[in-house]
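Participant: Below is the sequence, then the predicted model.
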Amino acid sequence: MIDFSTVNTFLEKIESDLKLLGIDLDEFEIDHICYRVTSIERYSELKGELGRDHLLLHEAMISNRPISTFKLNKPLNYKKHDIPLLELPAPKGEASYSEGFEHIECVISESFVDFSNRHSEVEFDWKGAQKKHNPELRIKLGDLSIKFHHQSLEDVIASELRES
(Lines give C-alpha, C1' and ligand atoms only; values in the text may rest on other atoms or scores of the structure.)
Protein backbone atom coordinates (compact mmCIF):
# COMPACT_ATOMS: atom_id res chain seq x y z
CA MET A 1 0.00 0.00 0.00
CA ILE A 2 1.05 3.60 -0.47
CA ASP A 3 2.58 5.15 2.64
CA PHE A 4 0.52 8.33 2.81
CA SER A 5 2.46 9.42 5.92
CA THR A 6 5.21 10.65 3.55
CA VAL A 7 2.91 13.10 1.72
CA ASN A 8 3.65 16.07 3.98
CA THR A 9 7.43 15.62 3.66
CA PHE A 10 7.05 15.44 -0.14
CA LEU A 11 4.84 18.56 -0.25
CA GLU A 12 7.10 20.46 2.16
CA LYS A 13 10.03 19.81 -0.21
CA ILE A 14 8.06 21.08 -3.21
CA GLU A 15 6.86 24.12 -1.25
CA SER A 16 10.40 24.90 -0.06
CA ASP A 17 11.87 24.57 -3.57
CA LEU A 18 9.15 26.81 -5.00
CA LYS A 19 9.78 29.45 -2.32
CA LEU A 20 13.43 29.56 -3.42
CA LEU A 21 12.09 30.40 -6.90
CA GLY A 22 9.80 33.13 -5.52
CA ILE A 23 6.60 31.12 -5.98
CA ASP A 24 4.09 30.63 -3.17
CA LEU A 25 2.31 27.25 -3.31
CA ASP A 26 -0.63 28.80 -1.44
CA GLU A 27 -1.49 30.73 -4.64
CA PHE A 28 -2.69 27.52 -6.29
CA GLU A 29 -5.26 24.78 -6.05
CA ILE A 30 -3.39 21.46 -5.94
CA ASP A 31 -5.47 19.41 -8.32
CA HIS A 32 -3.78 16.05 -7.83
CA ILE A 33 -0.69 14.24 -6.69
CA CYS A 34 1.24 11.62 -8.66
CA TYR A 35 2.65 8.40 -7.21
CA ARG A 36 5.24 6.62 -9.39
CA VAL A 37 5.94 2.90 -9.35
CA THR A 38 8.85 0.79 -10.57
CA SER A 39 7.04 -1.87 -12.61
CA ILE A 40 3.77 -2.81 -14.31
CA GLU A 41 3.38 -5.51 -11.64
CA ARG A 42 3.60 -2.91 -8.86
CA TYR A 43 1.18 -0.70 -10.79
CA SER A 44 -1.36 -3.55 -10.93
CA GLU A 45 -0.87 -4.33 -7.25
CA LEU A 46 -1.38 -0.72 -6.12
CA LYS A 47 -4.28 -0.19 -8.51
CA GLY A 48 -6.07 -3.12 -6.89
CA GLU A 49 -5.27 -1.94 -3.36
CA LEU A 50 -6.34 1.65 -4.07
CA GLY A 51 -9.53 0.41 -5.73
CA ARG A 52 -10.67 -1.18 -2.48
CA ASP A 53 -10.76 2.15 -0.61
CA HIS A 54 -11.01 4.83 -3.29
CA LEU A 55 -13.02 5.45 -6.46
CA LEU A 56 -11.25 4.64 -9.73
CA LEU A 57 -12.35 7.59 -11.88
CA HIS A 58 -10.55 6.48 -15.00
CA GLU A 59 -7.82 4.33 -16.44
CA ALA A 60 -6.44 5.38 -19.81
CA MET A 61 -3.58 4.46 -22.10
CA ILE A 62 -1.33 7.49 -22.33
CA SER A 63 2.10 7.30 -23.99
CA ASN A 64 1.69 3.53 -24.39
CA ARG A 65 1.16 2.79 -20.71
CA PRO A 66 -1.87 2.75 -18.38
CA ILE A 67 -2.52 5.61 -15.99
CA SER A 68 -5.19 5.31 -13.31
CA THR A 69 -6.76 8.25 -11.52
CA PHE A 70 -8.43 7.74 -8.16
CA LYS A 71 -10.76 10.05 -6.28
CA LEU A 72 -9.61 9.63 -2.70
CA ASN A 73 -12.31 8.79 -0.17
CA LYS A 74 -10.81 11.56 1.98
CA PRO A 75 -8.73 14.27 0.29
CA LEU A 76 -5.10 14.52 1.31
CA ASN A 77 -4.70 17.62 3.44
CA TYR A 78 -1.62 19.81 3.41
CA LYS A 79 -1.90 23.18 5.14
CA LYS A 80 -4.77 24.94 3.30
CA HIS A 81 -4.83 22.40 0.46
CA ASP A 82 -7.24 19.50 0.07
CA ILE A 83 -5.95 17.23 -2.69
CA PRO A 84 -8.83 15.12 -4.04
CA LEU A 85 -7.10 12.94 -6.64
CA LEU A 86 -4.19 10.55 -6.90
CA GLU A 87 -2.67 9.69 -10.27
CA LEU A 88 -0.98 6.30 -10.58
CA PRO A 89 0.98 5.88 -13.84
CA ALA A 90 2.65 2.66 -14.93
CA PRO A 91 6.27 3.24 -15.93
CA LYS A 92 7.01 4.27 -19.53
CA GLY A 93 8.69 1.40 -21.37
CA GLU A 94 12.30 1.21 -20.26
CA ALA A 95 12.10 4.29 -18.03
CA SER A 96 13.29 3.75 -14.48
CA TYR A 97 11.58 5.46 -11.57
CA SER A 98 11.95 5.21 -7.84
CA GLU A 99 8.68 4.42 -6.12
CA GLY A 100 7.08 7.35 -4.38
CA PHE A 101 5.38 10.68 -4.81
CA GLU A 102 6.84 12.44 -7.84
CA HIS A 103 4.84 15.53 -8.80
CA ILE A 104 1.80 17.64 -8.11
CA GLU A 105 -0.38 19.43 -10.61
CA CYS A 106 -2.11 22.72 -10.07
CA VAL A 107 -4.80 24.65 -11.92
CA ILE A 108 -4.07 28.21 -13.00
CA SER A 109 -6.39 30.63 -14.74
CA GLU A 110 -3.84 32.85 -16.47
CA SER A 111 -2.18 31.91 -19.74
CA PHE A 112 1.10 30.04 -19.63
CA VAL A 113 2.81 33.06 -21.19
CA ASP A 114 1.43 35.47 -18.57
CA PHE A 115 2.26 33.04 -15.76
CA SER A 116 5.82 32.51 -16.99
CA ASN A 117 6.29 36.26 -17.52
CA ARG A 118 5.16 36.87 -13.94
CA HIS A 119 7.85 34.40 -12.84
CA SER A 120 10.50 35.35 -15.41
CA GLU A 121 13.36 34.19 -13.17
CA VAL A 122 12.08 30.59 -13.29
CA GLU A 123 13.16 28.07 -15.94
CA PHE A 124 9.98 26.46 -17.23
CA ASP A 125 9.74 23.25 -19.22
CA TRP A 126 7.49 24.09 -22.17
CA LYS A 127 7.46 20.61 -23.79
CA GLY A 128 3.89 19.88 -22.70
CA ALA A 129 2.49 23.36 -23.40
CA GLN A 130 1.50 22.52 -26.97
CA LYS A 131 -0.19 19.21 -26.18
CA LYS A 132 -3.63 18.99 -27.75
CA HIS A 133 -5.03 17.30 -24.68
CA ASN A 134 -4.60 19.04 -21.31
CA PRO A 135 -1.51 21.17 -22.06
CA GLU A 136 0.89 21.79 -19.19
CA LEU A 137 3.73 23.99 -18.07
CA ARG A 138 6.25 22.32 -15.76
CA ILE A 139 8.90 23.33 -13.28
CA LYS A 140 11.49 20.65 -12.56
CA LEU A 141 12.63 20.51 -8.96
CA GLY A 142 15.37 17.89 -9.12
CA ASP A 143 13.61 14.51 -9.08
CA LEU A 144 10.30 16.21 -8.28
CA SER A 145 8.20 18.60 -10.31
CA ILE A 146 5.10 20.73 -10.37
CA LYS A 147 2.89 21.03 -13.42
CA PHE A 148 0.37 23.74 -14.19
CA HIS A 149 -2.81 23.23 -16.21
CA HIS A 150 -5.90 25.27 -17.05
CA GLN A 151 -8.36 22.49 -16.28
CA SER A 152 -8.58 20.10 -13.35
CA LEU A 153 -7.88 16.42 -14.02
CA GLU A 154 -11.34 15.53 -12.77
CA ASP A 155 -12.88 17.91 -15.35
CA VAL A 156 -10.64 16.49 -18.09
CA ILE A 157 -11.74 12.94 -17.22
CA ALA A 158 -15.41 13.94 -17.13
CA SER A 159 -15.04 15.52 -20.57
CA GLU A 160 -13.29 12.41 -21.95
CA LEU A 161 -16.03 10.15 -20.61
CA ARG A 162 -18.75 12.34 -22.16
CA GLU A 163 -16.97 12.19 -25.54
CA SER A 164 -16.55 8.40 -25.54
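Facilitator: Arrived safely.
Participant: Now do Lys140 against Leu21, distance only.
Facilitator: Here Lys140 is placed at a distance of 11 Å from Leu21 (CB to CB, to the nearest Å). Where you see a C-beta, it was placed from the backbone N, CA and C, and this is true even at glycine.
Participant: Over to Pro75?
Facilitator: Counting by CB to CB, the gap from Pro75 to Leu21 is 26 Å.
Participant: next one: Gln130
Facilitator: From Gln130 to Leu21 the distance is 23 Å (CB to CB).
Participant: more neighbours, the two?
Facilitator: Comparing Gln130 with Leu21 by other CB atoms under 10 Å, the one with more neighbours is Leu21, at 13 against 9.
Participant: which one is that one nearest to, not counting chain neighbours?
Facilitator: Excluding its sequence neighbours, the residue lying closest to Leu21 (CB to CB, 6 or more residues apart in numbering) is Val122, at 5.0 Å.
Participant: Any idea how many residues pack against that neighbour?
Facilitator: Neighbours of Val122 using other CB under 10 Å come to 13.
Participant: Just list what the worst-scoring helix or strand of the chain on mean pLDDT packs against, helices and strands only.
Facilitator: The weakest-scoring helix or strand in the chain, judged by mean pLDDT, DSSP states H and E, is helix 153-163 (a mean of 85). Helix 153-163 sits against strand 29-36, strand 55-62, strand 65-78, strand 81-89, with contacts defined as 3 or more CB pairs under 8 Å, 6 or more residues apart in numbering; DSSP states H and E.
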